[in-house]
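Engineer: Provide a 3D model corresponding to the input given below.
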Amino acid sequence: MTDVELAWAAGLFEGEGSFKLWNGRYTTMVLSMTDKDVVERFARIVEVGTIRRRTPQQEGWKEQWVWNISAHEHVRDLTTQFLPFLGERRAARAREVLEAIAANQARVTEPVDCAWCGDSFTPSKFHVGRARFCTRYCQQEWFKRKRRKPCAA
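Structural biologist: You can find the predicted model right below:
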């Protein structure tokens, strides 16, 4: 993407887009407009994300076209590229999102103990939830034990 395209995309995002942050961990960038061609041009320039159609919720409303990304790597990279072009309020939110992504990455790379066998391992993005397991076998065994009913003595 050229500098002019980057500046155009950042300006459009400044006016029509938003950063979403849930539970301090989950991030999304969203751009929503009624002009499909503009949303498609934005998506072509940034080269990531998906576009979907949002049907009108009330009579008289127009259909909207919504572009979004939620993969941390894509949100981080695009936010970093947009940051120099953003105004104060949006730039502050962008920095908050970047800090949350960095904190989440640090949390994911800390070694943890397997909930079943106790072995220490470094989780990947696929090890989610409160109970973490080093292998699929440990996860299955843990759930088998959890579903058993206590003996009636």
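Engineer: The closest residue to residue 39 other than its chain neighbours and residue 1, how far apart?
Structural biologist: Spatial nearest neighbour of residue 39, chain neighbours left out: residue 65 (4.2 Å); criterion: Cβ to Cβ, 6 or more residues apart in numbering. Backbone N, C-alpha and C define where each C-beta goes, glycine included. In this structure, residue 65 and residue 1 are 20 Å apart, going by Cβ to Cβ, to the nearest Å.
Engineer: which one of the two has more residues nearby?
Structural biologist: Applying other Cβ atoms under 10 Å to residue 65 and residue 1 shows that residue 65 carries more neighbours, namely 21 against 13.
Engineer: I figured that one was touching residue 33, is that so?
Structural biologist: Yes: using Cβ atoms under 8 Å, residue 65 makes contact with residue 33 at a distance of 6.0 Å.
Engineer: between these two, what contacts are shared?
Structural biologist: Listed as contacting both residue 65 and residue 33 by Cβ atoms under 8 Å, 6 or more residues apart in numbering are residue 39.
Engineer: quick one: buried residues of the longest helix seen in the chain?
Structural biologist: Secondary structure of the chain per DSSP state H: the longest helix is helix 88-108. Neighbour-count burial for helix 88-108, counted by 16 or more other Cβ atoms under 10 Å, picks out 90, 91, 93, 94, 97, 98, 100, 101, 104, 108.
Engineer: Give the other helices and strands that the next helix or strand after that helix contacts.
Structural biologist: As assigned by DSSP states H and E, the chain's next helix or strand after helix 88-108 is strand 112-113. Here strand 112-113 touches strand 120-121, going by 3 or more Cβ pairs under 8 Å, 6 or more residues apart in numbering; DSSP states H and E.
Engineer: How far away from the center of its chain is the strand it packs on?
Structural biologist: 26 Å (Cα atoms, centre = their mean, to the nearest Å).
Engineer: What lies in contact with that strand?
Structural biologist: 111, 112, 113, 114, 134.
Engineer: Ok, stretch 22-40 next?
Structural biologist: 12-13, 16-21, 42, 49, 51, 54, 62-70, 72, 75, 78-79, 97, 100-101, 103-104.
Engineer: Repeat the analysis, applying 7 Å as the threshold.
Structural biologist: 12-13, 16-21, 42, 51, 62-70, 72, 75, 78, 97, 100-101, 104 (Cβ atoms under 7 Å, 6 or more residues apart in numbering).
Engineer: Quick one, which of those are buried?
Structural biologist: Neighbour counting over these (16+ other Cβ under 10 Å) leaves 12-13, 16-17, 19, 21, 42, 64-65, 67-69, 72, 75, 78, 97, 100-101, 104 as the buried ones.
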